[in-house]
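Okay, structure incoming, though there's no sequence with it:
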């Protein structure tokens with residue numbers, strides 16, 4: 001089922017998400033709905049807060065990206081109760097967007113290598129290292145479960161330049177190709 005994506009301004013996007021247990025109600029169905037929602041919106045990642053759930057769950061599928069860098073190997077994974085253990089390397093700029101903040105794409109600086117611990121959909125624990133665009137997508141989705149949006153990582157002057165657009169998004173004054181839930185103003 002395709003779910004509405006919560007837009008900028010919804011309070012759930014600013015909350016620290018809670019860990020979940022293996023008996024979380026209909027977790028397999030929720031994961032499937034998240035992938036369907038992400039694909040319908042043409043995204044490569046989706047975190048539970050973006051569909052109104054303040055739980056530590058996100059899905060990623062970078063297989064759809066068209067070779068964004070040399071030696072790129074995409075993946076499709078579920079991240080449950082993820083913990084970012086380390087970020088390293090020289091920070092680099094790369095343009096990011098977000099399904100909760102449509103029509104805004106800006107360069108964001110992030111470190112290129114991450115080490116992360118998480119459980120998959122079968123509750124198997126993993127500790128893995130990711131680099132480049134794969135690391136960036138995970139960092140972006142991880143930020144969501146921490147209550148952080150990619151625009152929070154913008155330089156203050158550039159952030160002020162998009163404030164008017166952000167207010168329009170909050171009000172629902174934006175065209176989208178996917179169902180969204182906006183703040184009632």
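Arrived safely. Keep in mind it's a predicted model, so treat the numbers as computed, not measured.

which of the residues in stretch 68-83 are buried?
Under the neighbour-count criterion of 16 or more other CB atoms under 10 Å, stretch 68-83 has 74, 77-82 buried. No exception for glycine: its C-beta is placed from N, CA and C like everyone else's.

Just flag the most distant two among those residues.
Across those, the longest distance by CB to CB is 23.0 Å; it joins 74 and 81.

Out of the buried residues of stretch 68-83, name the ones that lie in strands.
Those of these mapping onto strands are 77-82, per DSSP state E.

which residue ends up closest to the midpoint of this structure in space?
residue 141 (2.9 Å; CA atoms, centre = their mean).

where along this protein do the strands fall?
Under DSSP E, the chain gives strands at 5-6, 45-47, 57-61, 76-88, 92-98, 101-110, 113-119, 125-131, 180-181.

just checking, what packs against the longest one?
For strand 76-88, the elements it packs on are strand 57-61, strand 113-119, helix 132-145, judged by 3 or more CB pairs under 8 Å, 6 or more residues apart in numbering; DSSP states H and E.

what's the angle from the second one to strand 76-88?
Put plainly, it is strand 113-119. Counting by axes from the mean of the first three to the mean of the last three CA atoms, to 10 degrees, strand 113-119 points 130 degrees away from the direction of strand 76-88.

So for strand 113-119, what gets flagged as buried?
For strand 113-119, by 16+ other CB under 10 Å, it's 114, 116, 118-119.
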